[in-house]
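J.: The following block contains a protein sequence and its predicted model.
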Amino acid sequence: MAKKTRSSPRREDSLTRDRIIEASIAILDGSGEDGLTFRALSERLATGPGAIYWHVPNKGELLTAACDAIIARAMNAPLVVATPQAIIRTLALGMFDAIDAHPWVGSALTRAPGQLPMVRILERIGRQVRALGVPDEEQWATVGALLNYILGVGAQNAANGQLGRTRGIDRSDFLDAVATTWSQLDPDAYAFTRSMAAHLRGHDDRRDFLAGIDLILSGIEASRRL
């Protein structure tokens, strides 16, 4: 009797663009942009590169798509607040946390100006700026100030965290060492920096970030009263 040949196991879940994007995010989170290759992605998805290229033609588009997935989650998170100021604070903090959790997002955004990830942020923040009553001719500059702060501070915070993890630096120990150095500076040449030493030891990055957002919002409100 003829011997039955054993067929290869059939994969139950078919390859989709969404699966490719989620696998890409996992690789980016673990290995950064350098680790995201079609070979690594093929191994993770147990498929050939050709099948992936059919859904996503190149690494640039793949990186933008992965970035957009993260941004969409942050921008579309349920909101339980009502005022434009509160919504801006919530959206800004959502972006801060998203970039902190996925450090590669900050640089990915800079490589995709005008594309969907940035458009999502622009639209959500812009609507709230408009709701604040900012005149049409001032809306672009106002939204730009908010976006530059959110993305700039978020990316810097993520870079600091990534550097600390890479070098095995404990955040508390690092801040304590810097604070000690500051406290020993010349009191005449560096009066302000020296006075900040005690604050540096216990500062909270998220709280400081929101304080900056509140300063911008206060400035917007003050300009409306002029």
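T.: Received, thanks.

J.: need the contact list for the residue most central in space within the chain.
T.: Central residue of the chain (Cα atoms, centre = their mean): I99, 2.1 Å from the mean position. I99 makes contact with 105-106, 151, 154-155, 157-158, according to Cβ atoms under 8 Å, 6 or more residues apart in numbering. In this view, the C-beta of every residue, glycine as well, is placed from N, C-alpha and C.

J.: Please report the distance of it from I70.
T.: According to Cβ to Cβ, to the nearest Å, I99 stands 9 Å off from I70.

J.: just L116 next, same as before
T.: According to Cβ to Cβ, L116 and I70 sit 12 Å apart.

J.: more crowded one of these two?
T.: Neighbour tally, L116 and I70, criterion other Cβ atoms under 10 Å: the higher count belongs to I70, 23 against 14.

J.: In three-state terms, label the more buried one for me.
T.: Under DSSP: H, G, I helix; E, B strand; the rest coil, I70 falls in the helix class.

J.: Show me what the helix or strand of the chain with the lowest mean pLDDT is packed up against.
T.: The weakest-scoring helix or strand in the chain, judged by mean pLDDT, DSSP states H and E, is helix 197-202 (a mean of 86). Packing contacts for helix 197-202, counted by 3 or more Cβ pairs under 8 Å, 6 or more residues apart in numbering; DSSP states H and E, involve helix 171-183.

J.: Who are the packing partners of the helix ranked longest in the chain?
T.: For the chain, the longest helix by residue count, based on DSSP state H, is helix 136-167. Helices and strands touching helix 136-167, by 3+ Cβ pairs under 8 Å, 6+ apart, are helix 84-101, helix 104-110, helix 116-131, helix 205-225.

J.: could those go into a markdown table alongside distance to L147?
T.: Converted to a markdown table, the helices and strands packed on helix 136-167 look like this (distance: least, Cβ to Cβ, whole Å):
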| stretch | distance to L147 |
| --- | --- |
| helix 84-101 | 9 |
| helix 104-110 | 10 |
| helix 116-131 | 6 |
| helix 205-225 | 11 |
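
J.: Out of the ones you listed, flag the one nearest S42.
T.: Nearest to S42, of all the helices and strands packed on helix 136-167, is helix 104-110, at 19.9 Å by Cβ to Cβ.

J.: got the buried residues for that closest one?
T.: For helix 104-110, a neighbour-count test (16 or more other Cβ atoms under 10 Å) marks 104-109 as buried.

J.: Include mean pLDDT and distance to S24 when you put the helices and strands packed on helix 136-167 into a markdown table, please.
T.: Shown next, in a markdown table, are the helices and strands packed on helix 136-167 (pLDDT from 0 to 100; distance: least, Cβ to Cβ, whole Å):
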| stretch | mean pLDDT | distance to S24 |
| --- | --- | --- |
| helix 84-101 | 95 | 15 |
| helix 104-110 | 91 | 10 |
| helix 116-131 | 95 | 14 |
| helix 205-225 | 92 | 27 |
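
J.: Quick one: closest of these to L41.
T.: helix 104-110 (14.8 Å).

J.: ok, and what's touching the closest one?
T.: 28-29, 32-33, 63-64, 66-67, 70-71, 98-99, 117-118, 151, 154-155, 158-159.

J.: Just the buried subset of those residues, written out for PyMOL, thanks.
T.: Those of the contacts of helix 104-110 that count as buried under 16+ other Cβ under 10 Å are selected in PyMOL with:
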select buried, resi 28+29+33+63+64+66+67+70+71+98+99+117+118+151+154+155+158
